[in-house]
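1. With the input below, show me the fold.
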Amino acid sequence: MGTSSSNRGQNGNTPLVPSWLGDNDGDQQPGQPQPGQPQPAQPQPAQPQPADPKRFSVPRSNFTRYVNSGGSKGGSLHRATSNYVRHSLGGSQNATTRLGSARNSTARLVSIFSSFVNRGVAETSRDYKLGDIIGKSASDVLLRIMDFVCPDGGSTDEGIARNSYIEALSTLPDWEDKTIESLTPPEFLAFTEIYMANVIEERLVNDIGNKLFALPKDVAQVESLQGQLKDYIKGAVSDALSKLNIDIRSIDTSQTKAIVDSIYRTAYDILSGLEE
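-> Next up is the predicted model:
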């Protein structure tokens with residue numbers, strides 16, 4: 001969470017799934033009217049599901065107990081995440097939808113990784129207009145594709161996606177010494193796992209983890225807490241990938257979004273069931 005920023009936590013009056021969150025990431029889809037053509041009448045959007053304004057109170061209190069214990073009360077962390085998914089967000093489906101553009105960023109990441117593995121670096125570079133990346137370090141190439149995967153923007157979920165990507169890169173310094181074409185399918189999947197865990201973690205901290213930023217200036221304690229939280233969430237994502245038998249080599253790019261959503265939902269289901 002080195003790139004996370006402090007805030008006051010999520011307002012409970014926010015709908016479970018805000019009306020401005022949708023599946024459209026702004027790409028023109030086949031069959032849609034082009035600019036200048038008559039536009040079909042659009043249905044009125046459904047009203048957002050009303051939410052309990054105090055729904056973040058219980059998980060926030062448990063998370064605060066975990067922080068104040070210096071990490072010794074792991075049960076409080078488990079209860080915080082479980083209650084957060086089940087009650088604050090209304091279950092794994094809502095939790096996944098609420099990730100917003102971070103879901104689209106993950107799908108773009110998986111799509112390009114799948115292309116690297118299945119079609120080769122040279123062909124992928126031509127299709128995605130990445131320039132000359134043959135022989136370049138994996139770290140440099142991942143930096144080059146960051147703006148494609150995580151477009152810079154002003155919304156919270158866009159910031160979460162970008163911060164999570166930067167932090168995932170920082171955890172793999174040895175990739176500076178590896179060429180992009182030398183990476184193996186398990187390595188691409190490992191980066192995806194780290195990235196997705198970072199997304200879930202940053203969303204959770206933005207919602208209920210405001211007390212984490214009010215710690216005494218004890219760097220070792222902060223790092224310990226962050227490490228425990230990161231390992232806990234990464235474990236859920238790893239279990240989700242194993243449960244769904246995800247193999248980067250067998251991912252059809254036309255199904256990437258559905259696969260990504262299923263991983264997030266399964267990880268949230270696992271977190272919601274780890275109360276004790």
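2. how about stretch 152-167: buried residues?
-> The neighbour-count check on stretch 152-167 (16 or more other C-beta atoms under 10 Å) flags 156, 157, 158, 159, 160, 161, 162, 163, 164, 165, 167 as buried. Glycine gets a C-beta too; all of them are placed from N, C-alpha and C.
3. Output these in a markdown table; the columns should cover secondary structure and pLDDT.
-> Output for the buried residues of stretch 152-167, formatted as a markdown table (DSSP: H, G, I helix; E, B strand; the rest coil; pLDDT from 0 to 100):
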| residue | secondary structure | pLDDT |
| --- | --- | --- |
| 156 | helix | 85 |
| 157 | helix | 86 |
| 158 | helix | 90 |
| 159 | helix | 91 |
| 160 | helix | 94 |
| 161 | helix | 95 |
| 162 | helix | 94 |
| 163 | helix | 94 |
| 164 | helix | 96 |
| 165 | helix | 97 |
| 167 | helix | 96 |
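4. Could you report the neighbour count for residue 225?
-> Other residues within reach of residue 225, judged by other C-beta atoms under 10 Å, total 21.
5. which SS class is the closest residue in space to it that isn't next to it in sequence?
-> Excluding its sequence neighbours, the residue lying closest to residue 225 (C-beta to C-beta, 6 or more residues apart in numbering) is residue 71, at 5.0 Å. Following DSSP: H, G, I helix; E, B strand; the rest coil, residue 71 is assigned to coil.
6. So residue 71 is in contact with residue 228, correct?
-> Yes. In this structure, residue 71 is within contact of residue 228 by C-beta atoms under 8 Å, at 5.1 Å.
7. how much space between residue 225 and residue 231?
-> Noted for residue 225: a distance of 11 Å to residue 231, by C-beta to C-beta, to the nearest Å.
8. pLDDT score assigned to residue 106?
-> What the model reports for residue 106 is a pLDDT of 97.
9. so it is in which element?
-> Using DSSP states H and E, residue 106 sits within helix 101-119.
10. counting contacts, what elements does that helix pack onto?
-> Under the contact criterion of 3 or more C-beta pairs under 8 Å, 6 or more residues apart in numbering; DSSP states H and E, helix 101-119 touches helix 121-128, helix 146-149, helix 156-170, helix 185-208, helix 256-272.
11. If I take it and helix 121-128, what angle do their directions form?
-> Taking axes from the mean of the first three to the mean of the last three C-alpha atoms, to 10 degrees, one finds helix 101-119 and helix 121-128 inclined to each other by 140 degrees.
12. Keeping just the C-alphas, turn helix 101-119 into PDB.
-> Taking C-alpha atoms only, helix 101-119 is exported to PDB below (Å, rounded to 0.1, in the frame of the first residue of the first chain):
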ATOM      1  CA  SER A 101     -12.900   0.700 -13.900                       C
ATOM      2  CA  ALA A 102     -10.400  -1.400 -12.000                       C
ATOM      3  CA  ARG A 103     -12.300  -4.400 -13.400                       C
ATOM      4  CA  ASN A 104     -11.800  -3.200 -17.000                       C
ATOM      5  CA  SER A 105      -8.100  -2.500 -16.200                       C
ATOM      6  CA  THR A 106      -7.700  -6.100 -15.000                       C
ATOM      7  CA  ALA A 107      -9.400  -7.400 -18.100                       C
ATOM      8  CA  ARG A 108      -7.100  -5.400 -20.400                       C
ATOM      9  CA  LEU A 109      -4.000  -6.700 -18.400                       C
ATOM     10  CA  VAL A 110      -5.100 -10.300 -18.700                       C
ATOM     11  CA  SER A 111      -5.900  -9.800 -22.400                       C
ATOM     12  CA  ILE A 112      -2.400  -8.500 -23.300                       C
ATOM     13  CA  PHE A 113      -0.700 -11.200 -21.100                       C
ATOM     14  CA  SER A 114      -2.800 -13.900 -22.800                       C
ATOM     15  CA  SER A 115      -1.700 -12.500 -26.200                       C
ATOM     16  CA  PHE A 116       1.900 -12.400 -25.200                       C
ATOM     17  CA  VAL A 117       1.700 -16.100 -24.200                       C
ATOM     18  CA  ASN A 118      -0.400 -17.400 -27.000                       C
ATOM     19  CA  ARG A 119       0.500 -15.200 -30.000                       C
END
